[in-house]
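# Fold the stuff below for me.
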Amino acid sequence: MRIRHLLLFTAAASLVIGCARAPKLAEPSGFFIALKTCRARYAEIDARIDAAGVRDGVFYRVPGFPYLRSDRLLASFRDEVKTVDEVGAWLRRMREFDQEAREFEYENLGLSSQERAILRGEFLNCGRGLAALEFDDPDNFKLVHDTMVPPDAYSAGTRALGLYPLLLPLQRASLRAHEDEVRREFASPRAERLGPGTPLRWQVQPVEDVSLIPAKASDAYPDELGFPGLVDSAWRAIAEVNAPELLMAQGDGVRQLGTPVWQANGSGAPRLDIDTRQHTVHYQIGFTRFGTQRLIQVNYFLWFRTADALPGDAPVDSLIWRVTLDNELRPIAYDSVRGSGREHFWFAIRDDLRRREAADGLMPFFPQQPLAPAEPSLILDRVSGGLRGVTTADASLQAQRYTLARFEDLYRLPLPGGGTRNLFGADGTIAGTRTPAPEWHAVSGVPKPGVLRHFMRLPVSYVGEQHFDDAYVLEQAFAAQAPAVIGSR
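Below you'll find the model as predicted:
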(Lines give C-alpha, C1' and ligand atoms only; values in the text may rest on other atoms or scores of the structure.)
Protein backbone atom coordinates (compact mmCIF):
# COMPACT_ATOMS: atom_id res chain seq x y z
CA MET A 1 0.00 0.00 0.00
CA ARG A 2 1.33 3.43 -0.83
CA ILE A 3 1.26 5.05 2.59
CA ARG A 4 1.90 8.53 1.26
CA HIS A 5 -1.37 8.33 -0.70
CA LEU A 6 -3.32 7.49 2.46
CA LEU A 7 -1.74 10.23 4.49
CA LEU A 8 -2.31 12.81 1.78
CA PHE A 9 -5.94 11.78 1.55
CA THR A 10 -6.68 11.71 5.26
CA ALA A 11 -5.26 15.20 5.61
CA ALA A 12 -7.77 16.57 3.10
CA ALA A 13 -10.71 14.15 3.29
CA SER A 14 -14.00 15.32 1.92
CA LEU A 15 -17.05 15.60 4.19
CA VAL A 16 -19.46 14.61 1.44
CA ILE A 17 -21.50 11.55 2.44
CA GLY A 18 -23.49 9.04 0.47
CA CYS A 19 -21.95 9.50 -2.98
CA ALA A 20 -23.22 6.81 -5.35
CA ARG A 21 -19.83 5.74 -6.63
CA ALA A 22 -18.35 2.32 -7.25
CA PRO A 23 -14.95 1.23 -5.94
CA LYS A 24 -12.02 1.06 -8.32
CA LEU A 25 -11.17 -2.60 -8.64
CA ALA A 26 -7.60 -3.54 -9.44
CA GLU A 27 -6.82 -6.67 -11.44
CA PRO A 28 -5.08 -9.12 -9.08
CA SER A 29 -1.82 -10.45 -10.42
CA GLY A 30 1.48 -11.75 -9.18
CA PHE A 31 1.45 -12.07 -5.39
CA PHE A 32 -2.27 -11.16 -5.34
CA ILE A 33 -3.42 -13.63 -8.02
CA ALA A 34 -5.23 -15.73 -5.39
CA LEU A 35 -7.59 -12.78 -4.83
CA LYS A 36 -8.94 -12.97 -8.37
CA THR A 37 -12.07 -14.90 -7.35
CA CYS A 38 -12.63 -13.21 -3.96
CA ARG A 39 -15.32 -10.73 -4.96
CA ALA A 40 -17.24 -13.42 -6.83
CA ARG A 41 -17.07 -15.63 -3.76
CA TYR A 42 -18.34 -12.83 -1.54
CA ALA A 43 -21.26 -12.32 -3.95
CA GLU A 44 -22.00 -16.05 -3.97
CA ILE A 45 -22.12 -16.55 -0.21
CA ASP A 46 -23.95 -13.27 0.38
CA ALA A 47 -26.64 -14.35 -2.08
CA ARG A 48 -27.10 -17.59 -0.09
CA ILE A 49 -27.32 -15.64 3.17
CA ASP A 50 -29.90 -13.23 1.79
CA ALA A 51 -31.96 -15.99 0.18
CA ALA A 52 -32.13 -17.81 3.54
CA GLY A 53 -33.09 -14.60 5.37
CA VAL A 54 -30.22 -14.81 7.87
CA ARG A 55 -28.48 -11.52 7.11
CA ASP A 56 -26.97 -10.04 10.30
CA GLY A 57 -28.32 -6.53 10.84
CA VAL A 58 -25.98 -5.24 13.55
CA PHE A 59 -23.05 -3.72 11.71
CA TYR A 60 -23.50 -1.55 8.63
CA ARG A 61 -22.20 -3.05 5.39
CA VAL A 62 -20.02 -0.49 3.63
CA PRO A 63 -21.38 -0.21 0.05
CA GLY A 64 -19.05 -1.67 -2.58
CA PHE A 65 -16.77 -3.35 -0.02
CA PRO A 66 -18.22 -6.73 1.05
CA TYR A 67 -15.37 -7.26 3.53
CA LEU A 68 -16.02 -4.07 5.53
CA ARG A 69 -18.72 -3.26 8.09
CA SER A 70 -18.92 -0.30 10.45
CA ASP A 71 -20.80 1.21 13.37
CA ARG A 72 -21.39 4.75 14.62
CA LEU A 73 -18.45 4.69 16.99
CA LEU A 74 -15.96 3.64 14.35
CA ALA A 75 -17.45 6.13 11.88
CA SER A 76 -16.74 8.94 14.34
CA PHE A 77 -12.99 8.45 13.70
CA ARG A 78 -13.16 8.83 9.92
CA ASP A 79 -11.81 12.40 9.94
CA GLU A 80 -9.25 11.69 12.67
CA VAL A 81 -7.21 8.71 11.53
CA LYS A 82 -3.92 10.23 10.34
CA THR A 83 -0.98 7.94 11.01
CA VAL A 84 -0.23 4.68 9.27
CA ASP A 85 -1.08 2.74 12.45
CA GLU A 86 -4.38 4.56 12.93
CA VAL A 87 -5.43 3.99 9.33
CA GLY A 88 -4.51 0.32 9.59
CA ALA A 89 -6.41 -0.13 12.86
CA TRP A 90 -9.47 1.65 11.43
CA LEU A 91 -9.62 -0.62 8.38
CA ARG A 92 -8.76 -3.72 10.40
CA ARG A 93 -11.65 -3.11 12.79
CA MET A 94 -14.08 -2.85 9.86
CA ARG A 95 -12.79 -6.18 8.55
CA GLU A 96 -13.17 -7.70 12.02
CA PHE A 97 -16.77 -6.49 12.19
CA ASP A 98 -17.46 -8.25 8.90
CA GLN A 99 -15.82 -11.48 10.03
CA GLU A 100 -17.76 -11.39 13.32
CA ALA A 101 -21.11 -10.87 11.58
CA ARG A 102 -20.38 -13.63 9.09
CA GLU A 103 -19.79 -16.17 11.87
CA PHE A 104 -23.43 -15.82 12.94
CA GLU A 105 -24.67 -15.76 9.36
CA TYR A 106 -22.86 -19.03 8.59
CA GLU A 107 -24.22 -20.73 11.70
CA ASN A 108 -27.80 -19.56 11.08
CA LEU A 109 -27.40 -20.69 7.47
CA GLY A 110 -26.98 -24.20 8.86
CA LEU A 111 -23.38 -24.74 7.81
CA SER A 112 -21.34 -27.34 9.65
CA SER A 113 -18.40 -26.37 11.86
CA GLN A 114 -16.03 -27.61 9.14
CA GLU A 115 -17.77 -25.54 6.45
CA ARG A 116 -17.69 -22.48 8.69
CA ALA A 117 -14.00 -22.96 9.36
CA ILE A 118 -13.24 -23.17 5.63
CA LEU A 119 -15.20 -20.00 4.87
CA ARG A 120 -13.66 -18.23 7.86
CA GLY A 121 -10.15 -18.88 6.56
CA GLU A 122 -11.06 -18.09 2.96
CA PHE A 123 -12.66 -14.73 3.66
CA LEU A 124 -10.09 -13.78 6.28
CA ASN A 125 -7.48 -14.00 3.52
CA CYS A 126 -9.78 -12.36 0.97
CA GLY A 127 -10.60 -9.41 3.19
CA ARG A 128 -7.02 -8.84 4.23
CA GLY A 129 -5.74 -9.18 0.67
CA LEU A 130 -8.41 -7.04 -0.99
CA ALA A 131 -7.88 -4.27 1.57
CA ALA A 132 -4.14 -4.25 0.87
CA LEU A 133 -4.73 -4.21 -2.88
CA GLU A 134 -7.74 -1.93 -3.27
CA PHE A 135 -6.71 0.72 -0.75
CA ASP A 136 -3.56 1.34 -2.69
CA ASP A 137 -5.93 3.66 -4.58
CA PRO A 138 -6.72 6.80 -2.51
CA ASP A 139 -10.11 7.12 -4.27
CA ASN A 140 -11.26 3.88 -2.65
CA PHE A 141 -10.22 5.16 0.74
CA LYS A 142 -12.17 8.35 0.12
CA LEU A 143 -15.19 6.32 -0.97
CA VAL A 144 -15.17 4.36 2.30
CA HIS A 145 -14.77 7.61 4.23
CA ASP A 146 -17.85 9.03 2.52
CA THR A 147 -20.13 5.99 2.79
CA MET A 148 -19.22 4.09 5.97
CA VAL A 149 -21.52 6.06 8.31
CA PRO A 150 -24.53 3.91 9.31
CA PRO A 151 -27.82 5.47 8.17
CA ASP A 152 -30.19 7.07 10.65
CA ALA A 153 -32.80 4.81 12.21
CA TYR A 154 -35.37 7.48 11.35
CA SER A 155 -37.40 7.62 8.16
CA ALA A 156 -36.60 10.81 6.29
CA GLY A 157 -39.48 10.10 3.92
CA THR A 158 -42.02 10.14 6.75
CA ARG A 159 -40.76 13.48 8.01
CA ALA A 160 -40.74 14.86 4.49
CA LEU A 161 -44.50 14.34 4.24
CA GLY A 162 -44.96 17.46 6.34
CA LEU A 163 -46.82 15.99 9.35
CA TYR A 164 -43.77 16.08 11.60
CA PRO A 165 -43.55 19.88 11.93
CA LEU A 166 -47.32 20.13 12.26
CA LEU A 167 -47.53 17.61 15.10
CA LEU A 168 -44.27 18.61 16.80
CA PRO A 169 -46.03 20.79 19.43
CA LEU A 170 -48.34 17.87 20.25
CA GLN A 171 -45.37 15.54 20.59
CA ARG A 172 -43.56 17.96 22.88
CA ALA A 173 -46.63 18.38 25.06
CA SER A 174 -47.14 14.62 25.25
CA LEU A 175 -43.52 14.02 26.24
CA ARG A 176 -43.60 16.76 28.87
CA ALA A 177 -46.73 15.27 30.40
CA HIS A 178 -45.17 11.81 30.44
CA GLU A 179 -41.96 13.14 32.02
CA ASP A 180 -43.97 14.89 34.74
CA GLU A 181 -45.79 11.64 35.47
CA VAL A 182 -42.51 9.70 35.61
CA ARG A 183 -41.00 12.23 38.05
CA ARG A 184 -44.01 11.81 40.33
CA GLU A 185 -43.67 8.04 40.20
CA PHE A 186 -39.95 8.18 40.98
CA ALA A 187 -40.69 10.41 43.97
CA SER A 188 -43.46 8.19 45.38
CA PRO A 189 -42.84 5.65 48.16
CA ARG A 190 -41.07 2.49 47.04
CA ALA A 191 -43.99 0.28 48.05
CA GLU A 192 -46.26 2.19 45.66
CA ARG A 193 -43.78 1.83 42.82
CA LEU A 194 -43.42 -1.90 43.40
CA GLY A 195 -47.19 -2.39 43.67
CA PRO A 196 -49.04 -5.31 45.25
CA GLY A 197 -47.52 -8.75 45.21
CA THR A 198 -44.47 -10.42 46.68
CA PRO A 199 -41.37 -8.23 46.23
CA LEU A 200 -38.41 -10.09 44.76
CA ARG A 201 -34.80 -8.99 44.93
CA TRP A 202 -32.56 -10.20 42.13
CA GLN A 203 -28.76 -10.18 42.20
CA VAL A 204 -26.19 -11.43 39.71
CA GLN A 205 -24.70 -14.88 40.19
CA PRO A 206 -20.93 -14.29 40.46
CA VAL A 207 -18.67 -16.53 38.38
CA GLU A 208 -15.45 -14.74 37.46
CA ASP A 209 -12.41 -13.76 39.50
CA VAL A 210 -12.59 -9.98 40.06
CA SER A 211 -8.80 -9.85 40.38
CA LEU A 212 -8.75 -10.06 36.58
CA ILE A 213 -10.01 -6.47 36.43
CA PRO A 214 -7.14 -4.01 35.82
CA ALA A 215 -6.64 -0.94 38.01
CA LYS A 216 -7.15 1.34 35.03
CA ALA A 217 -8.65 0.90 31.58
CA SER A 218 -5.58 2.62 30.11
CA ASP A 219 -3.46 -0.22 31.52
CA ALA A 220 -5.34 -2.76 29.39
CA TYR A 221 -3.23 -2.56 26.22
CA PRO A 222 -5.18 0.08 24.28
CA ASP A 223 -5.11 -0.26 20.50
CA GLU A 224 -4.18 2.40 17.96
CA LEU A 225 -7.58 4.09 18.36
CA GLY A 226 -7.35 4.11 22.15
CA PHE A 227 -9.73 1.25 22.98
CA PRO A 228 -8.62 -1.07 25.80
CA GLY A 229 -8.25 -4.77 25.20
CA LEU A 230 -8.97 -7.53 27.73
CA VAL A 231 -9.61 -11.26 27.67
CA ASP A 232 -13.25 -12.40 27.80
CA SER A 233 -13.08 -13.46 31.45
CA ALA A 234 -11.88 -9.98 32.48
CA TRP A 235 -14.69 -8.32 30.52
CA ARG A 236 -17.20 -10.62 32.20
CA ALA A 237 -15.73 -9.81 35.61
CA ILE A 238 -16.29 -6.11 34.89
CA ALA A 239 -19.86 -6.91 33.86
CA GLU A 240 -20.49 -8.88 37.05
CA VAL A 241 -19.09 -6.18 39.33
CA ASN A 242 -21.35 -3.54 37.76
CA ALA A 243 -24.45 -5.69 37.26
CA PRO A 244 -27.54 -4.05 38.80
CA GLU A 245 -29.77 -5.42 41.49
CA LEU A 246 -33.43 -5.72 40.50
CA LEU A 247 -36.52 -5.17 42.63
CA MET A 248 -39.78 -6.54 41.22
CA ALA A 249 -43.14 -7.57 42.64
CA GLN A 250 -44.38 -10.98 41.56
CA GLY A 251 -47.94 -12.22 41.24
CA ASP A 252 -50.66 -12.94 38.72
CA GLY A 253 -50.76 -10.83 35.57
CA VAL A 254 -47.32 -9.24 36.01
CA ARG A 255 -44.17 -9.27 33.94
CA GLN A 256 -41.66 -11.98 34.73
CA LEU A 257 -37.92 -12.03 34.17
CA GLY A 258 -36.67 -14.65 31.71
CA THR A 259 -34.78 -15.22 28.50
CA PRO A 260 -35.89 -15.26 24.82
CA VAL A 261 -36.46 -18.68 23.25
CA TRP A 262 -37.82 -20.01 19.99
CA GLN A 263 -40.73 -22.41 20.48
CA ALA A 264 -42.46 -24.77 18.11
CA ASN A 265 -45.58 -23.46 16.43
CA GLY A 266 -48.34 -25.38 14.71
CA SER A 267 -47.88 -23.35 11.52
CA GLY A 268 -44.29 -24.50 11.21
CA ALA A 269 -42.64 -21.13 11.82
CA PRO A 270 -41.03 -20.81 15.26
CA ARG A 271 -42.72 -18.59 17.82
CA LEU A 272 -40.81 -16.22 20.09
CA ASP A 273 -41.45 -16.50 23.81
CA ILE A 274 -39.76 -15.84 27.16
CA ASP A 275 -38.68 -18.81 29.25
CA THR A 276 -39.30 -17.62 32.82
CA ARG A 277 -37.51 -20.66 34.24
CA GLN A 278 -34.22 -19.21 33.00
CA HIS A 279 -33.50 -15.98 34.87
CA THR A 280 -30.96 -14.48 32.51
CA VAL A 281 -29.66 -10.98 31.90
CA HIS A 282 -27.56 -10.54 28.78
CA TYR A 283 -24.60 -8.18 28.70
CA GLN A 284 -22.57 -6.46 26.00
CA ILE A 285 -19.32 -4.53 26.42
CA GLY A 286 -19.19 -1.29 24.43
CA PHE A 287 -17.29 1.98 24.24
CA THR A 288 -18.13 5.63 23.99
CA ARG A 289 -16.27 8.90 23.44
CA PHE A 290 -16.32 11.66 26.04
CA GLY A 291 -14.23 14.64 25.05
CA THR A 292 -10.81 13.15 24.32
CA GLN A 293 -11.47 9.99 26.34
CA ARG A 294 -12.51 6.48 25.30
CA LEU A 295 -14.74 5.06 28.03
CA ILE A 296 -16.04 1.55 28.64
CA GLN A 297 -19.78 0.96 28.75
CA VAL A 298 -21.53 -2.19 29.95
CA ASN A 299 -25.00 -2.77 28.52
CA TYR A 300 -27.43 -5.06 30.37
CA PHE A 301 -30.53 -6.46 28.67
CA LEU A 302 -33.53 -7.50 30.77
CA TRP A 303 -36.22 -9.63 29.14
CA PHE A 304 -39.78 -9.94 30.43
CA ARG A 305 -42.69 -12.18 29.60
CA THR A 306 -45.79 -10.01 29.39
CA ALA A 307 -49.30 -11.00 30.36
CA ASP A 308 -51.06 -8.44 28.16
CA ALA A 309 -49.71 -9.14 24.66
CA LEU A 310 -52.21 -8.66 21.85
CA PRO A 311 -53.31 -11.75 19.87
CA GLY A 312 -50.61 -12.73 17.43
CA ASP A 313 -47.89 -10.73 19.18
CA ALA A 314 -44.98 -12.29 21.03
CA PRO A 315 -45.38 -11.83 24.82
CA VAL A 316 -41.99 -10.13 25.02
CA ASP A 317 -40.70 -6.83 26.35
CA SER A 318 -37.24 -5.63 27.31
CA LEU A 319 -35.30 -2.97 29.17
CA ILE A 320 -31.69 -1.86 28.67
CA TRP A 321 -29.55 -0.62 31.57
CA ARG A 322 -26.18 0.92 30.70
CA VAL A 323 -23.23 1.71 32.98
CA THR A 324 -20.47 4.06 31.83
CA LEU A 325 -17.09 3.66 33.56
CA ASP A 326 -14.22 6.10 33.93
CA ASN A 327 -10.55 5.22 33.41
CA GLU A 328 -10.38 3.84 36.97
CA LEU A 329 -13.32 1.58 36.03
CA ARG A 330 -15.69 3.32 38.44
CA PRO A 331 -19.25 4.15 37.33
CA ILE A 332 -19.73 7.79 36.36
CA ALA A 333 -23.22 7.63 34.83
CA TYR A 334 -26.17 5.35 34.19
CA ASP A 335 -28.81 5.45 31.54
CA SER A 336 -31.72 3.20 30.63
CA VAL A 337 -34.15 2.79 27.76
CA ARG A 338 -37.03 0.54 26.80
CA GLY A 339 -36.25 -2.03 24.13
CA SER A 340 -38.44 -0.02 21.73
CA GLY A 341 -36.50 3.21 22.32
CA ARG A 342 -39.00 4.84 24.70
CA GLU A 343 -38.15 6.36 28.06
CA HIS A 344 -34.47 7.12 27.70
CA PHE A 345 -33.56 8.06 31.28
CA TRP A 346 -30.26 9.43 32.60
CA PHE A 347 -28.93 9.11 36.15
CA ALA A 348 -26.03 11.02 37.68
CA ILE A 349 -23.81 9.16 40.13
CA ARG A 350 -21.21 11.78 41.03
CA ASP A 351 -21.34 15.51 41.49
CA ASP A 352 -18.10 16.12 39.59
CA LEU A 353 -19.95 15.81 36.28
CA ARG A 354 -22.07 18.78 35.23
CA ARG A 355 -25.46 17.85 33.83
CA ARG A 356 -26.44 19.50 30.59
CA GLU A 357 -29.60 21.54 30.50
CA ALA A 358 -32.49 19.86 28.74
CA ALA A 359 -33.15 21.12 25.25
CA ASP A 360 -36.60 22.70 25.37
CA GLY A 361 -37.28 20.70 28.52
CA LEU A 362 -37.10 17.35 26.76
CA MET A 363 -33.61 15.90 26.44
CA PRO A 364 -31.74 14.74 28.36
CA PHE A 365 -34.23 13.53 30.94
CA PHE A 366 -33.17 12.90 34.57
CA PRO A 367 -36.22 11.38 36.30
CA GLN A 368 -34.71 11.75 39.79
CA GLN A 369 -32.62 14.64 41.06
CA PRO A 370 -30.66 12.93 43.89
CA LEU A 371 -27.48 11.12 42.88
CA ALA A 372 -27.95 7.44 42.14
CA PRO A 373 -25.99 5.01 44.34
CA ALA A 374 -22.78 3.41 43.08
CA GLU A 375 -24.37 -0.02 43.68
CA PRO A 376 -27.83 0.52 42.23
CA SER A 377 -31.04 -1.35 42.84
CA LEU A 378 -33.56 -0.90 40.02
CA ILE A 379 -37.24 -0.63 40.93
CA LEU A 380 -39.24 -2.11 38.06
CA ASP A 381 -42.95 -1.56 37.55
CA ARG A 382 -44.73 -4.93 37.88
CA VAL A 383 -47.20 -4.23 35.06
CA SER A 384 -45.37 -2.12 32.49
CA GLY A 385 -41.82 -3.37 33.17
CA GLY A 386 -40.61 0.24 33.15
CA LEU A 387 -37.88 1.54 35.39
CA ARG A 388 -39.34 3.59 38.23
CA GLY A 389 -36.48 4.10 40.63
CA VAL A 390 -32.74 3.72 41.20
CA THR A 391 -32.10 3.27 44.88
CA THR A 392 -30.01 1.41 47.45
CA ALA A 393 -30.48 -2.28 48.10
CA ASP A 394 -33.04 -3.58 50.56
CA ALA A 395 -31.03 -6.04 52.64
CA SER A 396 -34.18 -7.25 54.39
CA LEU A 397 -35.32 -9.05 51.24
CA GLN A 398 -33.85 -12.45 50.44
CA ALA A 399 -31.92 -12.29 47.18
CA GLN A 400 -32.72 -14.43 44.15
CA ARG A 401 -29.98 -14.97 41.56
CA TYR A 402 -29.91 -14.23 37.85
CA THR A 403 -27.16 -15.36 35.50
CA LEU A 404 -25.24 -13.24 33.03
CA ALA A 405 -25.00 -14.39 29.43
CA ARG A 406 -23.26 -12.89 26.41
CA PHE A 407 -25.54 -10.76 24.26
CA GLU A 408 -24.12 -12.49 21.18
CA ASP A 409 -25.93 -15.67 22.25
CA LEU A 410 -29.10 -14.00 20.98
CA TYR A 411 -27.67 -13.98 17.45
CA ARG A 412 -27.88 -17.78 17.33
CA LEU A 413 -30.83 -18.88 19.44
CA PRO A 414 -31.56 -22.62 19.12
CA LEU A 415 -34.62 -23.59 17.09
CA PRO A 416 -36.94 -26.32 18.43
CA GLY A 417 -36.33 -28.56 15.43
CA GLY A 418 -32.58 -28.01 15.28
CA GLY A 419 -30.45 -25.22 13.92
CA THR A 420 -30.35 -21.61 15.06
CA ARG A 421 -31.90 -18.25 14.23
CA ASN A 422 -30.97 -14.66 15.07
CA LEU A 423 -33.36 -12.93 17.48
CA PHE A 424 -32.99 -9.77 15.38
CA GLY A 425 -33.91 -9.38 11.73
CA ALA A 426 -31.79 -7.77 9.04
CA ASP A 427 -33.41 -4.42 9.87
CA GLY A 428 -32.50 -4.77 13.56
CA THR A 429 -36.07 -5.36 14.78
CA ILE A 430 -37.50 -8.35 16.66
CA ALA A 431 -40.33 -9.57 14.48
CA GLY A 432 -43.69 -10.11 16.13
CA THR A 433 -43.07 -7.74 19.04
CA ARG A 434 -45.28 -4.78 19.81
CA THR A 435 -45.19 -2.76 23.01
CA PRO A 436 -47.29 0.29 23.94
CA ALA A 437 -46.42 3.43 21.99
CA PRO A 438 -48.66 6.17 20.57
CA GLU A 439 -49.11 5.36 16.91
CA TRP A 440 -48.96 9.05 15.96
CA HIS A 441 -45.33 9.02 17.13
CA ALA A 442 -44.62 7.41 13.76
CA VAL A 443 -44.72 10.88 12.18
CA SER A 444 -41.49 11.62 14.07
CA GLY A 445 -39.75 9.28 11.64
CA VAL A 446 -39.47 6.35 14.05
CA PRO A 447 -40.62 3.36 11.99
CA LYS A 448 -42.98 0.93 13.73
CA PRO A 449 -43.17 2.60 17.15
CA GLY A 450 -43.27 0.03 19.94
CA VAL A 451 -41.35 -2.68 18.09
CA LEU A 452 -38.32 -4.01 19.99
CA ARG A 453 -34.98 -3.32 18.32
CA HIS A 454 -31.28 -4.04 18.51
CA PHE A 455 -29.56 -1.43 20.67
CA MET A 456 -27.34 -0.39 17.73
CA ARG A 457 -30.43 0.29 15.60
CA LEU A 458 -32.37 2.10 18.30
CA PRO A 459 -33.79 5.65 17.94
CA VAL A 460 -34.38 7.13 21.40
CA SER A 461 -36.09 10.44 20.70
CA TYR A 462 -39.38 11.39 19.08
CA VAL A 463 -38.19 15.01 18.84
CA GLY A 464 -35.00 15.49 16.86
CA GLU A 465 -32.75 12.54 16.06
CA GLN A 466 -30.79 10.61 18.67
CA HIS A 467 -29.53 7.05 18.67
CA PHE A 468 -28.69 4.90 21.66
CA ASP A 469 -25.30 4.01 20.15
CA ASP A 470 -24.22 7.56 19.23
CA ALA A 471 -20.45 7.84 19.55
CA TYR A 472 -20.72 10.82 21.93
CA VAL A 473 -23.91 9.71 23.68
CA LEU A 474 -22.63 10.69 27.14
CA GLU A 475 -22.22 14.28 26.00
CA GLN A 476 -25.98 14.44 25.45
CA ALA A 477 -26.37 14.46 29.23
CA PHE A 478 -23.06 15.71 30.69
CA ALA A 479 -20.48 18.34 29.80
CA ALA A 480 -17.17 16.74 28.85
CA GLN A 481 -14.34 17.47 31.28
CA ALA A 482 -10.66 16.74 31.52
CA PRO A 483 -9.77 13.15 32.50
CA ALA A 484 -8.09 14.30 35.73
CA VAL A 485 -11.34 15.94 36.83
CA ILE A 486 -13.48 12.95 35.95
CA GLY A 487 -11.16 10.61 37.78
CA SER A 488 -11.37 12.59 41.03
CA ARG A 489 -14.05 12.67 43.69
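
# alpha carbons only for contacts and neighbour counts from here, please
Will do.

# pretty sure Arg342 contacts Ser461?
Yes: here Arg342 reaches Ser461: they are 7.5 Å apart, a contact under Cα atoms under 8 Å.

# ok, the nearest residue to Gln284 once chain neighbours are set aside to Asp427 distance?
Leaving aside its chain neighbours, Gln284 sits nearest to Asn299 (5.1 Å; criterion: Cα to Cα, 6 or more residues apart in numbering). Distance, Asn299 to Asp427, using Cα to Cα, to the nearest Å: 21 Å.

# next one: Ala264
With Cα to Cα as the criterion, Ala264 and Asp427 are 24 Å apart.

# got the buried residues for stretch 272-292?
272-276, 279-290 (16 or more other Cα atoms under 10 Å).

# tell me the domain ranges of the protein?
For the chain, the structural domains run 3-147, 156-486, going by automatic domain parsing.

# Quick check: the closest residue to Glu179 other than its chain neighbours vs Ser336, distance?
If the residues on either side of it in the chain are set aside, Glu179 comes closest to Pro367, at 7.4 Å by Cα to Cα, 6+ apart. Per Cα to Cα, Pro367 is found 11 Å from Ser336.

# quick one: common contacting residues for these two?
Common contacts of Pro367 and Ser336 (Cα atoms under 8 Å, 6 or more residues apart in numbering): 345-346.

# what about the helices in the stretch 251-400 of the chain?
Taking DSSP state H, counting those that start in this stretch to define them, one finds no helices in the stretch 251-400 of the chain.

# got it, and the stretch 101-250 of the chain?
Here the stretch 101-250 of the chain has its helices, by DSSP H, counting those that start in this stretch, at 113-134, 138-147, 156-160, 163-187, 190-194, 232-241.

# Would you mind finding the most buried of those?
Among the helices of the stretch 101-250 of the chain, helix 138-147 has the highest mean neighbour count (mean count of other Cα atoms under 10 Å), at a mean of 21.

# Flag the shaky bits of the stretch 1-150 of the chain, pLDDT-wise.
The stretch 1-150 of the chain contains residues with pLDDT under 70 at 1-20.

# what about 50?
Applying pLDDT under 50 to the stretch 1-150 of the chain flags residues 1-19.

# What are the boundaries of the strands in it?
60-61, 69-70 (DSSP state E, counting those that start in this stretch).

# among the ones you listed, which is nearest Ala217?
Between Ala217 and those, the shortest separation by Cα to Cα is 23.5 Å, and it involves strand 69-70.

# can you list contacts of that closest one?
So strand 69-70 is contacted by 59-62, 94-95, 97-98, 148-150 (Cα under 8 Å, 6+ apart).

# So in that sheet, which strands flank that strand, and in what orientation?
Note on strand 69-70: by DSSP bridges, its sheet partners are strand 60-61 (antiparallel).

# Trp321 pairs with what?
Per DSSP bridges, the residues bridged to Trp321 are Tyr300, Ser336.

# Let me know whether it touches Glu343 as I believe.
No: taking Cα under 8 Å as the definition, Trp321 is not a contact partner of Glu343, at 11.6 Å.

# Need the residues touching each of these two.
Taking Cα under 8 Å, 6+ apart as the criterion, Trp321 and Glu343 both touch 336-337.

# Pull the distance from whichever helix or strand Thr403 is part of to the chain's centre.
With elements taken from DSSP states H and E, the one containing Thr403 is strand 399-406. Remark: strand 399-406 is offset 20 Å from the chain centroid, using Cα atoms, centre = their mean, to the nearest Å.

# That strand: what's the following helix or strand?
Sequence-wise, the next helix or strand downstream of strand 399-406 (DSSP H and E) is strand 413-414.

# What strands flank the helix or strand following that following strand, and is each parallel or antiparallel?
Reading on from strand 413-414 to the C-terminus, the next helix or strand found by DSSP H and E is strand 420-421. Paired neighbours of strand 420-421 in the sheet (DSSP bridges): strand 413-414 (antiparallel).

# Other residues contacting the partner strand?
By Cα under 8 Å, 6+ apart, the residues outside strand 413-414 that reach it are 261-262, 420-423.

# Let's see if you can find the most crowded of these.
Neighbour counts for these (other Cα atoms under 10 Å) peak at Asn422, which has 25 neighbours.

# show me what contacts the residue nearest to that residue when sequence neighbours are not counted?
Nearest residue to Asn422, sequence neighbours excluded (Cα to Cα, 6+ apart): Tyr411, at 4.1 Å. If you count contacts by Cα under 8 Å, 6+ apart, Tyr411 has them with 104, 421-424.
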